[in-house]
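Trainee: coords please:
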Amino acid sequence: MSTAQASLLRVPLADGTLVATSDLPPKELIASLLATADVLGTGWFAADAANVKPASTILVVGDGAVGLLGVLSARQMGAERIIAMSRHASRQKLAREFGATDIVTERGDEGVARIKELTKGIGADSVLECVGTQESMMQAIKSTRPGGYIGYVGVPHGVSLDGEQLFYSHVHLHGGPAPVRRYLPELIKLVLDGKINPGKVFDLSLPLDQVAEGYRAMDERRAIKTLLRTNGTK
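Mentor: As a prediction, this is how the structure comes out:
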């Protein structure tokens, strides 16, 4: 495999890594099916790793495509209250559509204080960390109730944890690269049955030769997620 952003792609061990749909899906489902193999699968793993349970209170740190689909995942798993941390109006709106009950714009200690206020001083039962920075990880740890769970899927960059602080926080911490293949059959069925529409995170569509602009738009927060189309597709 040379690259995942190309008109043609060779997939080693395809019989074990690819999941075929029963038929050619309608065009309106393509974006959602693409999401299952990437950002939805990752958000779902974050919720699974965070032990999301029915009637629980969930916090999602990060309002990118993975975080937003973490909101959707938590709702599908039966979470009663889902707090999304976001400062961007378009992302807040989509978080609400996906099932968020509360939006928190504060960060750092102010963000933690706001989460504690919303949870009557207890903290969230489960936290989905979908960024990977030192600030986001500490936000997650400090916002989790004692005995609670953190599922982290943001690729860590510059994250350093204080062992003693983590020891006394009494939180469960689990994450890593998402085992998306494990979840694909279930996620594909949810899409095909019309129960979820994760493709909404793709709010910009560009031809493959404009991939740089797609990344630029996401970096500048002009887009949540860019959908790239090969020549001849619409």
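Trainee: low-scoring pLDDT stretches of the chain, where are they?
Mentor: 1-4, 231-234 (pLDDT under 70).
Trainee: where do the strands sit along it?
Mentor: 57-61, 81-85, 102-104, 124-129, 144-152, 172-175, 202-207, 225-229 (DSSP state E).
Trainee: okay if I get these as CSV plus mean neighbour count and distance to residue 69?
Mentor: Where you see a C-beta, it was placed from the backbone N, CA and C, and this is true even at glycine. Output for the strands of the chain, formatted as CSV (neighbours: other Cβ atoms under 10 Å; distance: least, Cβ to Cβ, whole Å):
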stretch, mean neighbour count, distance to residue 69
strand 57-61, 31, 10
strand 81-85, 26, 11
strand 102-104, 19, 16
strand 124-129, 30, 10
strand 144-152, 22, 13
strand 172-175, 18, 16
strand 202-207, 16, 11
strand 225-229, 18, 9
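Trainee: Now distance to residue 13 too, for those, in CSV please.
Mentor: Shown next, in CSV, are the strands of the chain (distance: least, Cβ to Cβ, whole Å):
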stretch, distance to residue 13
strand 57-61, 33
strand 81-85, 36
strand 102-104, 42
strand 124-129, 30
strand 144-152, 27
strand 172-175, 25
strand 202-207, 28
strand 225-229, 24
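Trainee: Tell me how far the residue most central in space within the chain lies from residue 212.
Mentor: The chain has residue 66 as the residue nearest its centroid, 2.2 Å off, counting by Cα atoms, centre = their mean. Applying Cβ to Cβ, to the nearest Å, the value for residue 66 to residue 212 is 21 Å.
Trainee: number of nearby residues for residue 21?
Mentor: 11 (other Cβ atoms under 10 Å).
Trainee: cool, residue 94 as well?
Mentor: Residue 94: 23 neighbours (other Cβ under 10 Å).
Trainee: same check, this time on residue 221
Mentor: Residue 221 has 13 nearby residues by other Cβ under 10 Å.
Trainee: Isn't it up against residue 86?
Mentor: No - Residue 221 lies out of contact with residue 86 (Cβ atoms under 8 Å); the separation is 10.8 Å.
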